[in-house]
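Q: What would the 3D arrangement of this be:
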Amino acid sequence: MSKKRILYVEDDETLAFLTSDNLEQHFEVVHCNNGKEAFQLFCKEAFDLCVLDIMLPDMDGFEIATEIRKRNQEIPIIFLSAKTMKEDRIKGLKLGADDYLVKPYSIEELILKIEIFLNRSQKSTDNSTQKQYTFGSFQFEPENYLLKNDSQKITLTEREASLLKLFLDNPNTVLKREKILMELWGSDDYFLGRSLDVFISRLRKIIKEETHVRIENIPRVGFKLVVE
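A: Down below sits the predicted model:
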């Protein structure tokens, strides 16, 4: 079986060498040290996942992710950055990233997260007979990440689609934060919990006009999709 192809963008030569050396034991890694060149390569070649530094010459990681999402809503994106501010993490997730690891990071954790996202992406691709969901005025096509009603069509990110599907598979049921985090991220640490809050907020904004559908916060427990 051919290895999955990873686009890895990092301008720190020492870190790039060490990370690439470890990743190449599991994946085919294409490394770029320049943001603009990396995006041009993405447009020309096929990749299964992107690992992006943020502070890059010519075109930063946020800009690369924005352009990638205009062309591909499905490919998983992981940010690696020394920027530790909560605002940076939230910005990355809002741009459609699947995760954000702060440097110095554990190479074992990075490999695990890559494998989780690649496996989830493969399952989504394989499940071509996945059912559609109807709630309120919306129809949801999980395999296409498409949420639509009479007035709009919204293409969700893979993470948003996975979260919405989890809610719709468990309507009117309290889902513990830990369960959601393990289902979507494979871990339930504190910082991923903050990421989950961002995605919950985005889904709430999308369905805010629905009078009979809402996502309720259950304090210190989790969330519930209420469908009346």
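Q: C-alpha only now, for contacts and for neighbours.
A: Fine.
Q: Now do the helices in this protein.
A: Using DSSP state H, the helices of the chain run over residues 13-23, 35-44, 61-71, 86-94, 107-126, 158-169, 177-184, 190-206.
Q: With mean pLDDT and mean neighbour count as new columns, can the ones you listed be given to me in a markdown table?
A: Compiled in a markdown table, the helices of the chain are given as follows (pLDDT from 0 to 100; neighbours: other CA atoms under 10 Å):
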| stretch | mean pLDDT | mean neighbour count |
| --- | --- | --- |
| helix 13-23 | 95 | 14 |
| helix 35-44 | 93 | 16 |
| helix 61-71 | 92 | 18 |
| helix 86-94 | 86 | 17 |
| helix 107-126 | 81 | 15 |
| helix 158-169 | 90 | 20 |
| helix 177-184 | 86 | 17 |
| helix 190-206 | 83 | 15 |
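Q: With distance to Lys148 as extra columns, can I get these in a markdown table?
A: Shown next, in a markdown table, are the helices of the chain (distance: least, CA to CA, whole Å):
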| stretch | distance to Lys148 |
| --- | --- |
| helix 13-23 | 38 |
| helix 35-44 | 28 |
| helix 61-71 | 18 |
| helix 86-94 | 20 |
| helix 107-126 | 19 |
| helix 158-169 | 12 |
| helix 177-184 | 23 |
| helix 190-206 | 10 |
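Q: Find the nearest non-adjacent residue to Ser137, please.
A: Nearest residue to Ser137 in three dimensions, chain neighbours excluded: Asn149, at 5.7 Å (CA to CA, 6 or more residues apart in numbering).
Q: burial of that neighbour, as a residue count?
A: Other residues within reach of Asn149, judged by other CA atoms under 10 Å, total 14.
Q: what sits against it?
A: Ser137, Phe138, Gln139 (CA atoms under 8 Å, 6 or more residues apart in numbering).
Q: State the distance from it to Tyr100.
A: The gap separating Asn149 from Tyr100 is 32 Å, by CA to CA, to the nearest Å.
Q: State the phi and psi torsions of the residue nearest the centre of the chain.
A: The centroid of the chain falls nearest to Asp98 when counting by CA atoms, centre = their mean (2.1 Å). Dihedral angles phi and psi of Asp98 (degrees, to the nearest 10) take the values phi -90, psi -20.
Q: Ile75 is in contact with that one, correct?
A: No - the pair Asp98 and Ile75 does not pass the contact test of CA atoms under 8 Å, sitting 9.2 Å apart.
Q: picking that back up, tell me how far the residue nearest to Ser137 lies from Leu203.
A: Going from Asn149 to Leu203 by CA to CA gives 15 Å.
Q: And for Glu67?
A: 22 Å.
Q: Then Tyr105?
A: Using CA to CA, one obtains 29 Å as the distance from Tyr105 to Leu203.
Q: Check Lys153 too.
A: Applying CA to CA, the value for Lys153 to Leu203 is 14 Å.
Q: just Leu164 next, same as before
A: 8 Å.
Q: Likewise for Glu45?
A: From Glu45 across to Leu203, the span is 32 Å (CA to CA).
Q: What of Arg194?
A: In this view, Arg194 and Leu203 are 15 Å apart by CA to CA.
Q: try Pro142
A: In terms of CA to CA, Pro142 sits 14 Å off from Leu203.
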